[in-house]
Structure formats: structure tokens, C-alpha cells
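Visitor: my questions are about this predicted structure, shown below with the sequence.
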Amino acid sequence: MKDENVEQVKKQLENHKKFLILIQEWVSLASDLADLEIVSKSEKVSQTKAKNEE
């Protein structure tokens, strides 16, 4: 690698590492959201059943 490109490549690698961290965070948050949506739907079904039994 040419010396003149070293800094640019280092910067690109640093940006890529940040990008990977952000992707991991996004996937984790998407998974949490999906879990919350499932719980929410389950609670709504339970509430509807309880109202219908009254």
C-alpha cells in the first residue's frame, strides 16, 4: 500500500467498525421491538377474552 493511502484506509476501517457497531445495535433494537409487539398483541387478546367473559 502506498504511504499516501494509509491515512485514508485507516479512516475507512474506523468508519467500517462504527458501521458494524451501529448495525448490531439496530438489529438488537429491531428484535426488542418485535418482542414488545408480540407481548402487546398477546395482552390485547387476553383483555378481549376477559371482556367477552364478563
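Guide: Looks like it came in fine. Numbers count the residues shown, from 1 in each chain.
Visitor: all helices for this protein, in order.
Guide: Counting by DSSP state H, the chain has helices at residues 3-53.
Visitor: shaky segments in it?
Guide: 49 (pLDDT under 70).
Visitor: what do you get if the cut-off is 90, keeping everything else the same?
Guide: 1-2, 42-54 (pLDDT under 90).
Visitor: ok, now how distant is residue 34 from residue 41?
Guide: Applying CB to CB, to the nearest Å, the value for residue 34 to residue 41 is 11 Å. In this view, the C-beta of every residue, glycine as well, is placed from N, C-alpha and C.
Visitor: could you do residue 1 as well?
Guide: Applying CB to CB, the value for residue 1 to residue 41 is 53 Å.
Visitor: out of the two, which sits in the busier spot?
Guide: Remark: of residue 1 and residue 41, residue 41 carries more neighbours, 10 against 7, as counted by other CB atoms under 10 Å.
Visitor: so how far is residue 35 from that one?
Guide: As judged by CB to CB, residue 41 and residue 35 stand 11 Å apart.
Visitor: residue 5 now?
Guide: Distance of residue 5 to residue 35, given as CB to CB: 44 Å.
Visitor: can you report how many residues neighbour residue 51?
Guide: 8.
Visitor: can you pull the contacts of it?
Guide: Residue 51 makes no contacts at all, as judged by CB atoms under 8 Å, 6 or more residues apart in numbering.
Visitor: same question for residue 50.
Guide: Applying CB under 8 Å, 6+ apart, no residues qualify as near residue 50.
Visitor: find the nearest non-adjacent residue to residue 9, please.
Guide: Excluding the flanking residues, the one nearest residue 9 by CB to CB, 6 or more residues apart in numbering is residue 1, at 6.7 Å.
Visitor: hmm, that neighbour is touching residue 8, no?
Guide: No - counting by CB atoms under 8 Å, residue 1 does not reach residue 8; the two are 10.0 Å apart.
Visitor: how far away is residue 17 from residue 8?
Guide: From residue 17 over to residue 8 (counting by CB to CB), the distance is 15 Å.
Visitor: check residue 2 too.
Guide: According to CB to CB, residue 2 stands 10 Å off from residue 8.
Visitor: more crowded one of these two?
Guide: Counted by other CB under 10 Å, residue 2 and residue 8 do not tie: residue 8 has more neighbours, with 11 against 7.
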